[in-house]
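Chemist: coords please:
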Amino acid sequence: MPAVAAGDLVAFRSAGAYGAVMSSEYNSRPLIPEVLVDGETVPELESGVTAVVLLDRTPFYAESGGQVGDTGSIRSAEAAFEVEDTIKLAGVFHGHIGTLQRGSLRPGDAVLARVDGARREAIVLHHSATHLMHAALKEVLGDHVEQRGSLVAPDHLRFDFTHPRAVTAEELTEIERLVNREIRVNPAADVRIMDFDDALETGATALFGEKYGDRVRVISLSNFSKELCGGTHTRQTGDIGLFKIVSESSIASGVRRIEALTGQGALEYVQKTSRMLEQAAHLVKEKPGALAPKIEKILNDLKALEKEIDHLKAEMASGAAELGGEAVQTINDTRALIQKVTVDNPAALRDLADRLKEKIKSGIVVLASVNGPKVFLIVGVSKDLTDRFHAGKLIKQIAATVGGSGGGRPDMAQAGGTQPEKLDQALKKAYEVIETT
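Modeler: Here you go, the predicted structure:
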């Protein structure tokens, strides 16, 4: 939206700006001083048009300090304007962004301004929980913790902070415990307006990068949290109900991020997680409390089985690549085993090539395998022949036939390809390359 100069707007006051919780509706009707469309003042807003509506006083909270803007409605007897977001214009004025659904609005109209109460309540819970979590982070991790950004939304909260390492599971559990303890203690939010310097002397936390005026609003939640904040908060911390951390991650060097839920969202998350745990325990026929060691045993057994399967596949492939008859050829006095085998990964192919190279003692092993759309190739050269044959150079010529490339040491090289239909040509190419080298 185009920038609007402060001088073009009419000043107003925000309802409940100094209260713990802003009012979500006016009994008396605020007036519309201006309506803006594409940054320009209009004399009348018609139905279906998106605009910014200004009010001489408003219950809406404008996006600030990480808290998202309110949504709701502005209505008159004949008009319905749906507020989709509320922002600050020129850093001072509240702009109500939305679309007129019916009727018309004009400057001077008296309207009823109503915030989406359920959405506001969800935001409020996450904002107060953010303050409690900030205090808990300092207590658990240390005073070096400083806020580096936040998001307070209706469905979750996000908090970025300075910390040199990942927060451990034990530390996250303790942070959760402290926040939920304060929720159960249920202190009332204490809201005071005071001079900035006086606020700092009381121990209130000023957030990094925030700009404050001479007079500030201090929110205290018991003796646990005290911060400078202009956002909306619960009247009692118990209103939060439940606090649950759902993720912790790194977003930059020395900066961590925690995301969390409160209230109904936190309860639903815990219930969903609990159901998943019970379902998993049922599948492995174990109690939820013993699920972790049971899963560990299953994974260990699975690794052992996979290892045994790989061994059996190698044995089968080795048997298929028998050394009798025409399997081992003599090309210009050089013994060579050039063969297609059945293995499903490069590691198994390498293991088979090592075993066959050891069996033929002196010579060259060229093996190829197909796994879906992929071709695996390997060339092994016995040590006594590396002065004449370089496995890496040989495999580059062979792999090109199947649309691939590769390389490696003089005695061992691997490659891949994407044209399995040309594998027979690649094996023929291997014979020709060895013959002409």
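Chemist: low pLDDT regions in the protein?
Modeler: 1-28, 208-209, 313-326 (pLDDT under 70).
Chemist: The stretch 151-300 of the chain: strands as residue ranges?
Modeler: For the stretch 151-300 of the chain, the strands defined by DSSP state E, counting those that start in this stretch occupy 157-162, 189-195, 215-221, 225-228, 243-252, 255-262.
Chemist: Just give me how far stretch 296-304 sits from the chain centre.
Modeler: Remark: stretch 296-304 is offset 30 Å from the chain centroid, using C-alpha atoms, centre = their mean, to the nearest Å.
Chemist: swap in stretch 119-135?
Modeler: On C-alpha atoms, centre = their mean, the centre of stretch 119-135 falls 21 Å from that of its chain.
Chemist: Dump that stretch to CSV, restricted to CA.
Modeler: Taking Å, rounded to 0.1, in the frame of the first residue of the first chain, the C-alpha atoms of stretch 119-135 are listed here in CSV:
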residue,chain,number,x,y,z
ARG,A,119,-9.4,-14.3,17.5
ARG,A,120,-8.4,-11.5,19.8
GLU,A,121,-8.7,-13.8,22.8
ALA,A,122,-6.4,-16.4,21.1
ILE,A,123,-3.9,-13.7,20.4
VAL,A,124,-4.0,-12.4,23.9
LEU,A,125,-3.2,-15.8,25.3
HIS,A,126,-0.1,-16.2,23.1
HIS,A,127,1.1,-12.7,24.0
SER,A,128,1.0,-13.2,27.7
ALA,A,129,2.6,-16.6,27.3
THR,A,130,5.4,-15.0,25.3
HIS,A,131,6.2,-12.8,28.2
LEU,A,132,6.2,-15.7,30.6
MET,A,133,8.4,-17.8,28.3
HIS,A,134,10.9,-14.9,27.9
ALA,A,135,11.3,-14.8,31.6
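Chemist: tell me, how many neighbours does residue 85 end up with?
Modeler: Neighbourhood size, residue 85 [other C-beta atoms under 10 Å]: 16. Just so you know, the C-beta spots here come from the backbone N, C-alpha and C atoms, and that holds for glycine as well.
Chemist: can you tell me how far residue 206 sits from residue 66?
Modeler: Distance from residue 206 to residue 66, counting by C-beta to C-beta, to the nearest Å: 14 Å.
Chemist: ok, the two, which is more surrounded?
Modeler: Using other C-beta under 10 Å, the more surrounded residue of residue 206 and residue 66 is residue 66, with 22 against 15.
Chemist: contacting residues for that one?
Modeler: Residues counted as contacts of residue 66 (C-beta atoms under 8 Å, 6 or more residues apart in numbering) are 130, 149-152, 231.
Chemist: Report the buried members of the residues you listed.
Modeler: Buried members of the contacts of residue 66, counted by 16 or more other C-beta atoms under 10 Å: 130, 150-152, 231.
Chemist: Looking at these, which one is closest to residue 423?
Modeler: Nearest to residue 423 among the buried ones among the contacts of residue 66 is residue 151, at 54.3 Å by C-beta to C-beta.
Chemist: Can you report how many residues lie near the nearest residue to that closest one once chain neighbours are set aside?
Modeler: Nearest non-adjacent residue to residue 151, counting by C-beta to C-beta, 6 or more residues apart in numbering: residue 158, 4.1 Å away. By other C-beta under 10 Å, the residues close to residue 158 number 18.
Chemist: Residue 158 reaches residue 148, doesn't it?
Modeler: No. Using C-beta atoms under 8 Å, residue 158 makes no contact with residue 148, being 11.2 Å away.
Chemist: Can you name the residues that contact residue 284?
Modeler: Going by C-beta under 8 Å, 6+ apart, residue 284 touches 291, 294-295, 298.
Chemist: Test of understanding: give the bridge partners of residue 72.
Modeler: Under the criterion DSSP bridges, residue 72 forms beta bridges with residue 83, residue 115.
Chemist: quick one: it and residue 244, what's the gap?
Modeler: Residue 72 is 28 Å from residue 244, by C-beta to C-beta.
Chemist: So if I had to pick from those two, which one is more boxed in?
Modeler: Each of residue 72 and residue 244 has its neighbours counted (other C-beta under 10 Å); residue 72 has more, 23 against 19.
Chemist: Domains of this structure: list them as residue ranges, please.
Modeler: Following automatic domain parsing, one finds the domains of the chain at 6-115, 121-282, 316-436.
Chemist: In TSV: these, plus distance to residue 305.
Modeler: As requested, the domains of the chain are exported to TSV (distance: least, C-beta to C-beta, whole Å):
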stretch	distance to residue 305
domain 6-115	50
domain 121-282	20
domain 316-436	15
